[in-house]
Each structure stands twice: as C-alpha cells, then as structure tokens.
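Trainee: pasting the structure only:
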C-alpha cells in the first residue's frame, strides 16, 4: 500500500487550468482573509465601551470566542474567494472536489485524524503546549458558544479553506512547474510556514510555534 501511495505521489496529475501565480495569490488571500476576519470581529467587540479594558490589555485579553468567530469568518471569506475566482468547469475539475480517489476532502478527513494524534503526542512530550487555538481553550473556561465556534472553525471552516488553497490550487501548480516530488515538498513546506507565520510571536510560545510548523 505504501509503495503504491509513494508511486502515486511521484506521478503528475492533469495540469491545472491555472499557473503558479494563481497559487501564490491564493496563499496571499489566505493571509488576507485571516487578517480580515480577525480585525472585523475585534473591531466590533472593542467598539463596545464595556470591552475597552480587555482590548487595551497586553496581547488583547479578549474572549477566545471573538478570535474563533473572526478566524471562521476569514475562512468562509477565503472559500468564497476560491469559488468566485475558479468558476469555470475546468477550474472546478482542477480543484479535484469529487471522486473517492481524488477528492481533497478525503485527504482532509485523514488530516484531521493525524492532527488529533499529533495533539496527543505533543501533550505527552512537552509542557502541554498545543496549537494556539487549543491553547486558548485550556487557559480559560470557555462557554458553550466558544466550543461551538472552535468546532466550526477547527473541524469545518479552517480545514476546508486551507485544503482548497494549499492542496487544491497551490500544490498542483507547484508540481507542474517544479516536478512531482519537488512540487509536493515545496507545497508542504509552504503549508507549514503558513501555520508558523499565522500566529503572532507576541502571543505564542516557542512550543506552539514549533507545533504550528510541524502541523
């Protein structure tokens, strides 16, 4: 099975109907969507006079629900951007949204399981640091709404948005331009670097940054 899996990775898929520039633009859009969603919810939350002390505190001591809502809105905006800019039948086919063997959503399902496994391993061999989203839940006593938003973001919105960008658009373009294995490795490194850069060093420990890169 592993031999067949690696052999398949070494084979180029049908060239996507977009170039490398489209892949790079999609990554930039991912950062922009994250910033957009976070700033939107933070602005609305901080506009209330009662919340001003939390917004003025070091590292923004706002409830985790505010961040989860912002990140979720950013992910939704990113998915909308992808589908608006990739509207032709050829582009939709290039995203590989259907089929048991080619759908990136099957990769998404496996990735969620691997991420949970990595969480458990990290807890055992570090001081308990998790990815920043989970870390924020451990540091406070989240309400039901926070858990619901965390589930919506981490299980649905974030994986779908990131899979569309990095494996749906960027990875096929890189593999066509750099070769099967080099393109796959560069896409994986870019995906890891995105997680590393997406979290502010001012609010993340070295453990959480390392974890973000590993994920």
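Mentor: Received the coordinates, thanks. Because the structure is a prediction, the values reported are computed rather than measured.
Trainee: Which strands and helices lie in contact with the single longest helix found in the chain?
Mentor: Longest helix in the chain by number of residues (criterion: DSSP state H): helix 20-46. Secondary-structure packing of helix 20-46 (3 or more C-beta pairs under 8 Å, 6 or more residues apart in numbering; DSSP states H and E): helix 52-56, helix 64-85, helix 158-162, helix 171-178, helix 180-198. From N, CA and C alone the C-beta is placed, and that goes for glycine too.
Trainee: As CSV, the ones you listed with mean pLDDT and distance to residue 41 would be great.
Mentor: Output for these, formatted as CSV (pLDDT from 0 to 100; distance: least, C-beta to C-beta, whole Å):
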stretch, mean pLDDT, distance to residue 41
helix 52-56, 80, 12
helix 64-85, 93, 4
helix 158-162, 89, 15
helix 171-178, 93, 30
helix 180-198, 87, 16
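Trainee: Any chance of the ones you listed in a markdown table with mean neighbour count and distance to residue 13 as columns?
Mentor: Formatted as a markdown table, the helices and strands packed on helix 20-46 follow (neighbours: other C-beta atoms under 10 Å; distance: least, C-beta to C-beta, whole Å):
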| stretch | mean neighbour count | distance to residue 13 |
| --- | --- | --- |
| helix 52-56 | 12 | 47 |
| helix 64-85 | 20 | 18 |
| helix 158-162 | 21 | 19 |
| helix 171-178 | 20 | 6 |
| helix 180-198 | 16 | 9 |
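Trainee: Okay, buried residues for the longest helix of the chain please.
Mentor: Across helix 20-46, burial judged by 16 or more other C-beta atoms under 10 Å covers 22-23, 25-27, 29-30, 33-34, 36-38, 41-42, 45-46.
Trainee: Closest one to residue 63 out of these, please.
Mentor: residue 45 (8.2 Å; C-beta to C-beta).
Trainee: isn't that closest one right up against residue 62?
Mentor: Yes. Counting by C-beta atoms under 8 Å, residue 62 is a contact partner of residue 45 at 6.0 Å.
Trainee: Residues that sit against both of these two, list them.
Mentor: Common contact partners of residue 45 and residue 62 (C-beta atoms under 8 Å, 6 or more residues apart in numbering): 51, 55.
Trainee: pretty sure residue 51 is touching residue 62, no?
Mentor: Yes. Using C-beta under 8 Å, residue 51 is in contact with residue 62, at 7.3 Å.
Trainee: hey, what's in contact with both of the two?
Mentor: Joint contacts of residue 51 and residue 62 (C-beta under 8 Å, 6+ apart) are residue 45.
Trainee: and the longest helix of the chain with helix 180-198, angle?
Mentor: 20 degrees (axes from the mean of the first three to the mean of the last three C-alpha atoms, to 10 degrees).
Trainee: can you offset everything so residue one is 7?
Mentor: Sure thing, new numbering starts at 7, so read that last one as helix 26-52.
Trainee: angle of helix 26-52 against helix 177-184?
Mentor: Between helix 26-52 and helix 177-184, the angle comes out at 150 degrees (the same axes, to 10 degrees).
Trainee: Many thanks, have a good one.
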